[in-house]
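K.L.:
quick one: sequence and predicted model below, then my questions.
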Amino acid sequence: MPTLTKLYTMQEASQHNTKDDCWVVIDGKVYDVTSYLDEHPGGDDIVLAATGKDATDDFEDAGHSKSAIELMQNFCVGELDTSSPIIPELEISSKKEATDYSRKLMNLTKQYWAIPVAIVGISVVIGFLYMRKK
């Protein structure tokens, strides 16, 4: 039987993570709780911390009442699309990029060697002057 609700990927749901646009994913359903943030008894920061991930465990651990669970249904905007991967595909960098990075790092260390040497030199001079006064 086809689903009647809109499907969202976790990546799409996680983009709604601000006080002005807040979505959470609980039990495979996506909820737009933006209008409820100010009314949430635990504060909006608790809800905002649950964005961008599956917040089912956080929701259940909080021990919400039956009325809270019923109230959630008013905010449901769709379901989580489980056919798409939760973790995006990683791009494999080429060896040329890695050597470019290491070359840049070597250039930086060559440029800034004088600062530690100057600090050590000044410390030695101050040490000699201090010992001379005694």
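P.N.:
Thanks, I have it. Residues are numbered from 1 along each chain as shown.
K.L.:
okay, CA-based contacts and neighbour counts for the rest of this
P.N.:
Will do.
K.L.:
list phi and psi for the nearest residue in space to residue 18 that is not next to it in sequence.
P.N.:
Nearest non-adjacent residue to residue 18, counting by C-alpha to C-alpha, 6 or more residues apart in numbering: residue 48, 6.9 Å away. The phi and psi values for residue 48, taken as degrees, to the nearest 10, are phi -60, psi -30.
K.L.:
quick one, helices of this protein?
P.N.:
10-14, 44-49, 56-61, 66-72, 95-111, 114-133 (DSSP state H).
K.L.:
of the ones you listed, which is nearest residue 28?
P.N.:
Minimum separation from residue 28 across the helices of the chain (C-alpha to C-alpha) falls at helix 56-61, 8.3 Å.
K.L.:
tell me the centre residue of this structure?
P.N.:
In the chain, the centroid-proximal residue (C-alpha atoms, centre = their mean) is residue 52; its distance is 7.8 Å.
K.L.:
OK, contacts around that one?
P.N.:
10-11, 13-17, 24 (C-alpha atoms under 8 Å, 6 or more residues apart in numbering).
K.L.:
may I have stretch 7-25 exported as CSV, CA atoms only?
P.N.:
Listed next in CSV are the C-alpha coordinates belonging to stretch 7-25 (Å, rounded to 0.1, in the frame of the first residue of the first chain):
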residue,chain,number,x,y,z
LEU,A,7,9.1,11.1,2.7
TYR,A,8,12.1,13.0,3.9
THR,A,9,15.7,11.8,4.2
MET,A,10,17.6,12.3,7.4
GLN,A,11,19.8,14.9,5.6
GLU,A,12,16.7,16.9,4.6
ALA,A,13,15.3,16.8,8.1
SER,A,14,18.6,17.8,9.7
GLN,A,15,18.7,21.0,7.7
HIS,A,16,15.8,22.3,9.8
ASN,A,17,17.8,22.9,13.0
THR,A,18,17.2,26.5,14.0
LYS,A,19,14.7,28.1,16.3
ASP,A,20,12.9,29.5,13.3
ASP,A,21,12.7,26.2,11.5
CYS,A,22,13.0,23.1,13.7
TRP,A,23,12.3,19.5,12.7
VAL,A,24,12.8,16.3,14.7
VAL,A,25,12.7,12.7,13.8
